[in-house]
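sequence isn't available, so here's the structure alone:
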């Protein structure tokens, strides 16, 4: 009897929309028949994850040391987690449900330790724009921003018509993080 109860509880928990998506009313979005492409700049994407779409595109990154970061691999898990919030599959009895069926493009701006340089993020933004993304998610941040990066964010938003969403941090600190604090970027922070 306990096993049946556990199996039923697992089914109840699977395919649920997370509280965060409901909290910001993203579950009320009408994605429509021709959704825009969303680019995730992070630690990669677990291409064989059973609760994520496999029909995604992406670009490898080459960091300042010449190391190749494969977009289809995510040893850290952070990029895959972000992708799940956005596009986890529904109606499959696995995990949670993301915001919707959104075309994804993945680039690497961070290594397997969730670390990277501003130049890595700049290259990744250029890859997103070249891939035709109209929304860029950057769950990363730094306390400083160069003029080159600031100009790129302004150009991406005002000339290329891209929406950039960036993390302002999860710690509730009163400090500026970039690109989230750039005036053309939508800043997102944790809620306590």
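Now that the structure is in, tell me what you want to look at. All figures in this text were calculated on a predicted structure; none of them were measured in a lab.

can you map out the strands along this structure?
Using DSSP state E, the strands of the chain run over residues 16-17, 38-42, 57-59, 61-62, 68-69, 96-97, 104-108, 135-138, 163-167, 186-188.

same list (those strands) but as CSV, adding distance to residue 30, mean pLDDT and mean neighbour count.
C-beta: built from backbone N, CA, C; applies to glycine. Shown next, in CSV, are these (distance: least, CB to CB, whole Å; pLDDT from 0 to 100; neighbours: other CB atoms under 10 Å):
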stretch, distance to residue 30, mean pLDDT, mean neighbour count
strand 16-17, 15, 74, 14
strand 38-42, 16, 98, 28
strand 57-59, 24, 97, 18
strand 61-62, 33, 92, 18
strand 68-69, 35, 94, 15
strand 96-97, 16, 85, 20
strand 104-108, 19, 97, 27
strand 135-138, 15, 97, 24
strand 163-167, 17, 97, 19
strand 186-188, 19, 93, 17
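
point out the one among these that comes closest to residue 178.
Proximity to residue 178, assessed across those by CB to CB, is greatest for strand 163-167 (7.8 Å).

and the contacts of the closest one?
125, 134-141, 153, 156-157, 177-180, 182, 184-189 (CB atoms under 8 Å, 6 or more residues apart in numbering).
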